[in-house]
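1. kindly return the folded structure for what I paste below:
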Amino acid sequence: MDGLPHSLTLQTDLTVQRTLASSVGCVGVGLHSGRRTTLVMHPLPAGSGIIFRRTDLDPSVGPVEIPARFDHVADTRMCTVVANKQRPQCRVGTIENVMAALVGSGIHNALIDVDGPEVPILDGSSRDFLFLIDCAGVVEQYAPQAQIEVLRSVRVEQGEAFAELRPAADGFTMALSIEFPAAAIGRQAYTMRFSPENFRQELAMCRTFTQAHEVQALRAAGLALGGSLDNAVVVDGDKILNQSGLRMADEFVRHKMLDAVGDLALAGAPLRGRMLSHRTGHALNNRLLHALFADDANWRLVSENTASHKLWQSASVAA
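-> Residues are numbered from 1 along each chain as shown. Got it, this is the predicted structure:
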């Protein structure tokens, strides 16, 4: 499937679209590429969505913009990577933390300029991106923002891991569990009703993590080249190698939930339903969205415009 399905029934009042009040940026290192990268976020008009733009690529050779959509995901090894369909080498990776910060701030429309193949990792969480958004400010755009309502349960599995979306009366609730052999992590579970306030207080500061014995293999595969104790929690058996320790006792499962927030933001609109998952990651999160949109009977788009209207959306996104 390319893009959202064609015909969607509109229902009840929900919310309005929002964008940044001004542009704001930062400089940092890519977690996997190790490259120093500049990121700048700009306001966009209502209806634009979130768009990444590679400012270091020649636009005369082909498009340099990439919609932040599940059907533009090109890789899910250790992070989420989106790519332009017409120009596949135009890619931006490790987008999950900034995407989570945007949806956690109620931002629906923004242009994100990046002068390299990867979003800066900053401190390994969404906290610094929230700070940038707070500095820029948020403005309402007085256009209705629809939600994607889950109508039927969908589930994807890989071995013992699974991710599932179920219908719910309102809002979006997440219940996630993880299980790692390292004693410092073990089995953890967390449940949260998603809201900007809950995201900011419960998830935003939780960092990405890895196990010490995995670092060498990751770097041999060309990954984690920019990783350090400044931007990731590193676990060695029952020990946390970061001198400052954990920010929360269950920081690991909360970061996995942060990842899921960022990955599910690629649905193109906020979800209404319930997510249940165990040992999920970027690949399963993306497969879950593909499963949801594979059948029109699984979902509908609801907004303040009512019942008898139709929203016709192009099956392909200008990329």
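2. quick one: the helices in this structure, in order.
-> For the chain, the helices defined by DSSP state H occupy 96-104, 127-136, 196-198, 212-220, 251-264, 282-293.
3. give me the contacts around the first one.
-> Going back to what we said before, that points to helix 96-104. 39, 41, 50, 68, 79-80, 110, 112, 119, 121-122, 124-126, 129-130, 132-133, 196, 199-200, 203-204, 208, 258-259, 261-263, 265-266, 270, 282 (Cβ atoms under 8 Å, 6 or more residues apart in numbering). The way it works is simple: take the backbone N, C-alpha and C, and place the C-beta from them, glycine included.
4. the most centrally placed residue in the chain and Val73, how far apart?
-> For the chain, the residue nearest the mean C-alpha position is Gly262 (1.6 Å; Cα atoms, centre = their mean). Distance, Gly262 to Val73, by Cβ to Cβ, to the nearest Å: 12 Å.
5. which neighbours do these two share?
-> Thr80.
6. tell me the confidence at the residue nearest to Arg207 when sequence neighbours are not counted?
-> In this structure, Arg207 finds its nearest non-sequential neighbour in Gly124, 3.7 Å apart by Cβ to Cβ, 6 or more residues apart in numbering. For Gly124, the model assigns a pLDDT of 97.
7. gap between Gly124 and Arg247?
-> 10 Å.
8. OK, contacts around Gln216?
-> Contacts for Gln216 were tallied using Cβ under 8 Å, 6+ apart; there are none.
9. for it, give me the pLDDT.
-> Listed pLDDT for Gln216 reads 80.
10. what's the neighbour count on Glu214?
-> Look at Glu214: counted by other Cβ atoms under 10 Å, it has 14 neighbours.
11. same check on the one 3 residues further on?
-> Ala217 is surrounded by 10 other residues when neighbours are defined as other Cβ under 10 Å.
12. and if you look at the one 5 residues further on?
-> The burial metric for Gly222, expressed as a neighbour count using other Cβ under 10 Å, is 11.
13. before we move on, what about His255?
-> Using other Cβ under 10 Å: His255 sits among 26 other residues.
14. low-confidence ranges, the stretch 151-300 of the chain, go.
-> When residues are selected by pLDDT under 70, none of them lie in the stretch 151-300 of the chain.
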